[in-house]
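Visitor: Structure here, sequence nowhere to be found:
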């Protein structure tokens, strides 16, 4: 099966928005064993959209469209699909009721322009959108399929995986299966990891190994392609074991696992609670931890102690400590971790203090200097870091380092 | 002048590489007053490249190609350009000598495949490449131009700015300058905004109006094209005034402004400090505020009071309030805002409490229910919201609503 991708949006042609949907779709289609030979981006213009769709339908079995299904006047993908296939648009009462309902549930009145989203080219099937008002569109044209999805990445990806792929499988259009396994590595720079696994990297063709580095985390992705999921998994298993042999104590999890999740599960299993005292990260560590559903079971509190006064008032950091060591010091990090632990009656107190920049640095204390401390049942430990980059990067590196420190202590006691 | 962009590379179709060249080129062409109606991505296949180029040359005055000019066997853009224009490839001795020279200077022997880079379609002009071996290609086809550049971003951008733009100016093809102005709107859903400005949206062709919605924020972009920057700005000014007349009290800023920045500047100007007490957002409001450089001048502290015990201990929320109203209530939000304000001796205390989900909901208190309160010099006010989406979306909508509430109060006293 050959597919073609059509992306709709003047903002993409003007370069105002970066198209990441195409990359995502390209990857998914490759995984499904579906070839893509052309991808076209076109502006919000009904005539040109129809022109592109006609050309795509003349070449491909499956035409996937992204974008232009929203409620504004420049959303004309629906009309373009109708024009390209010579169908008229008809109003779906069900769809209209659903859209109205969605608005009413949020205590808002549906405006007229939203009704356009209930129009479907004759013979077309609307695709439910779990995360927005704009439904997708599936048109079975006999030998060919025209399928339109919203341009909002999250709406598109869930619609594709949740509805379009099953529909393609039903048509027998999906022949190969690709399976991936991702190992999440922390506390090891990409270049070290690279050296450790270079030989495996070079010798393995199926599965392939891909490495993606973020601030303080490296994801190693194994991707195998086979006739079915079991065969693909069987190709992955031995390589995964080989990688774990070399990286084990730096791998916190797999696939959709996050460092925050993993920490939460560990704390839950112990029946322990955690409290956090942040300075330079300004709430980011707490924000990440509370992204975990159910975190209220183990996350007791957080304190963003930005001013020295708040460090003293909320964490009992002695005032003379600022004079003797400064707020950016190991002593202050230790006092913050112990203070938040004691005050909250939690098993664990995690703290960070540092200089995110651009201001606040001195020759002895440069931008990126960060102290992380952890107070726990066996006492308090601290680490010193020097992170690269601007304010946002330093905050991100620091929050990752703090969570890594906590994870390592919880799982390896060190 | 109309241009069309053709991007060559199988790795792009497979989603292995994200195409950032197109965005860069799209932006540059828009700024130069050159329209782009189509962008096509095609794999490393000579026949398909030629097919795409023929279609593009039939529609556009200028066809810009990126990628496929390198020395490997799958680099066939040169051959595709020759096929699409019916020219034969001829060897440029000068070019060959230069490429050989480049290799020798680096102490390497030129391999045969590199000689292909010295081939140019008859009548074409090679474009020097300051950063790599692959020269670009300029073909003057009379009324039209076909121009191919390497896919390596740095080589492409320097070649475009340094050689292609001057060549286009020489042809009189660059006539315009484009200027943009972005208005940032909060506290108004996209569909309402649309209704308010629909007539302007429909009637305005230059500037154009583009609308981009995030969680709790809509960006309205005015883009005008004129002979020079002053003329373009003069076109934008009256439309900007018309939009501000209708949206004024919802526009917090322009262009690179963020809501957090704008709040920070206002607090700085007043000499006021802010303290924040978060529950469901778990630190995200503090994280966003402390992303602003220099926020330590006006951000006093934050408290992530997740447990009821921490709300009482850190914010003086009376224990009986949980029994009478529950932690997710207007009364609790008010007590949190007043507690953090009083304890921190700050002018402003901002608070949030709510249900991020997926757990914790009751029939009366569904997922997405959020109370935001602000305690200030003139007393305390609170709002109730019901936000859509999953845990991450609710957190994002809630943090945006809290910052919007604060901004509105600071700027409009309401």
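Guide: Thanks, I have the structure now. Given the structure is predicted, the values throughout are model-derived calculations rather than measurements.
Visitor: Please, which helix or strand holds residue A:392?
Guide: Here residue A:392 sits within helix A:391-412, counting by DSSP states H and E.
Visitor: can you tell me if that helix touches chain B.
Guide: Yes. Looking at helix A:391-412 against chain B by Cβ under 8 Å from any Cβ of the partner chain, the contacts come from A:391-392, A:395. To be clear about C-beta, it is placed using only N, CA and C from the backbone, and glycine gets the same treatment.
Visitor: What of stretch A:131-145?
Guide: Yes. Under the criterion of Cβ under 8 Å from any Cβ, chain B is reached by stretch A:131-145 at residue A:131.
Visitor: Any idea how many residues pack against residue A:174?
Guide: 18 (other Cβ atoms under 10 Å in any protein chain shown).
Visitor: tell me the SS of it?
Guide: Three-state call for residue A:174 (DSSP: H, G, I helix; E, B strand; the rest coil): coil.
Visitor: Can you tell me how far it is from chain B?
Guide: Residue A:174 sits 17 Å away from chain B, going by Cβ to the nearest Cβ, to the nearest Å.
Visitor: you'd agree that residue is up against residue A:164?
Guide: No. Counting by Cβ atoms under 8 Å, residue A:174 sits too far from residue A:164 to count as a contact (10.5 Å).
Visitor: any shared contact partners between those two?
Guide: The contact sets of residue A:174 and residue A:164 do not overlap (Cβ atoms under 8 Å, 6 or more residues apart in numbering or on different chains).
Visitor: Quick one: neighbours of residue A:191, just the number.
Guide: Residue A:191: 10 neighbours (other Cβ under 10 Å).
Visitor: residues contacting the residue of the stretch 51-200 of chain A found nearest chain B?
Guide: Residue nearest to chain B within the stretch 51-200 of chain A (Cβ to the nearest Cβ): residue A:111, separated by 4.8 Å. Contacts for residue A:111 (Cβ under 8 Å, 6+ apart) come out as A:71, B:191-192, B:194-195.
Visitor: Just among the residues of helix A:391-412 next to chain B, which is most surrounded?
Guide: Neighbour-wise, the residues of helix A:391-412 next to chain B (other Cβ under 10 Å) top out at residue A:395, 28 neighbours.
Visitor: OK, contacts around that residue?
Guide: Per Cβ under 8 Å, 6+ apart, neighbours of residue A:395: A:280-282, A:284, A:356, B:287, B:290-291.
Visitor: Take those residues and write them to JSON lines, including neighbour count and distance to residue A:204.
Guide: Below are the contacts of residue A:395 laid out as JSON lines (neighbours: other Cβ atoms under 10 Å in any protein chain shown; distance: Cβ to Cβ, whole Å):
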{"residue": "A:280", "neighbour count": "26", "distance to residue A:204": "41"}
{"residue": "A:281", "neighbour count": "32", "distance to residue A:204": "38"}
{"residue": "A:282", "neighbour count": "29", "distance to residue A:204": "42"}
{"residue": "A:284", "neighbour count": "26", "distance to residue A:204": "36"}
{"residue": "A:356", "neighbour count": "29", "distance to residue A:204": "40"}
{"residue": "B:287", "neighbour count": "26", "distance to residue A:204": "39"}
{"residue": "B:290", "neighbour count": "28", "distance to residue A:204": "43"}
{"residue": "B:291", "neighbour count": "19", "distance to residue A:204": "41"}
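Visitor: from those residues, which ones fall inside helices?
Guide: Residues of these located in helices (DSSP state H): A:284, B:287.
Visitor: any chance of the contacts of residue A:395 in TSV, with pLDDT and distance to residue A:32 too?
Guide: Listed next are these as TSV, based on pLDDT from 0 to 100; distance: Cβ to Cβ, whole Å:
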residue	pLDDT	distance to residue A:32
A:280	96	44
A:281	97	40
A:282	97	42
A:284	98	37
A:356	95	43
B:287	97	38
B:290	97	43
B:291	96	39
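Visitor: pLDDT below threshold where in the stretch 51-200 of chain A?
Guide: Counting by pLDDT under 70, the stretch 51-200 of chain A contains no low-confidence segment.
Visitor: Residues of the stretch 101-250 of chain A that sit close to chain B?
Guide: Selection of the stretch 101-250 of chain A residues close to chain B by Cβ under 8 Å from any Cβ yields A:106-108, A:110-111, A:113-114, A:131.
Visitor: Serialize the residues you listed to TSV and add fields for secondary structure.
Guide: Formatted as TSV, these follow (three-state DSSP):
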residue	secondary structure
A:106	coil
A:107	coil
A:108	coil
A:110	coil
A:111	coil
A:113	helix
A:114	helix
A:131	coil
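Visitor: Can you turn the buried part of those residues into a ChimeraX selection?
Guide: Restricted to buried positions by 16 or more other Cβ atoms under 10 Å in any protein chain shown, the ChimeraX selection for those reads:
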select /A:110,113,114,131
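Visitor: Assumed residue A:41 was part of a strand.
Guide: Yes. Counting by three-state DSSP, one finds residue A:41 located in a strand.
Visitor: So in terms of bridging, what pairs with it?
Guide: Beta-bridge pairing for residue A:41 (DSSP bridges): residue A:7, residue B:39.
Visitor: what about it, neighbour count?
Guide: By other Cβ under 10 Å, 28 other residues sit near residue A:41.
Visitor: same thing with residue A:243?
Guide: Other residues lying near residue A:243 total 22 when counted by other Cβ under 10 Å.
Visitor: the helices in the stretch 151-300 of chain A, which residues?
Guide: Using DSSP state H, counting those that start in this stretch, the helices of the stretch 151-300 of chain A run over residues A:153-159, A:165-170, A:190-203, A:229-247, A:259-270, A:284-289.
Visitor: Now tabulate the ones you listed in JSON lines and tack on distance to residue B:383.
Guide: Output for the helices of the stretch 151-300 of chain A, formatted as JSON lines (distance: least, Cβ to Cβ, whole Å):
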{"stretch": "helix A:153-159", "distance to residue B:383": "26"}
{"stretch": "helix A:165-170", "distance to residue B:383": "41"}
{"stretch": "helix A:190-203", "distance to residue B:383": "45"}
{"stretch": "helix A:229-247", "distance to residue B:383": "49"}
{"stretch": "helix A:259-270", "distance to residue B:383": "29"}
{"stretch": "helix A:284-289", "distance to residue B:383": "21"}
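Visitor: Return the most buried member of these.
Guide: Most buried of the helices of the stretch 151-300 of chain A, by mean neighbour count (mean count of other Cβ atoms under 10 Å in any protein chain shown): helix A:284-289, with a mean of 28.
Visitor: any bit of it sitting next to chain B?
Guide: Yes. For helix A:284-289 and chain B, the contact criterion (Cβ under 8 Å from any Cβ) is met by A:284-287, A:289.
Visitor: and the two most separated of the residues you listed?
Guide: A:284 and A:289 (9.7 Å; Cβ to Cβ).
Visitor: residues in contact with the closest residue in space to residue A:72 that isn't next to it in sequence?
Guide: Using Cβ to Cβ, 6 or more residues apart in numbering or on different chains and skipping residues adjacent in sequence, the residue nearest residue A:72 is residue B:194, 5.4 Å away. Going by Cβ under 8 Å, 6+ apart, residue B:194 touches A:71-73, A:111, A:113, B:201, B:211.
Visitor: So residue A:327 is in contact with residue A:308, correct?
Guide: Yes. With contact defined as Cβ under 8 Å, residue A:327 and residue A:308 form a contacting pair (5.7 Å).
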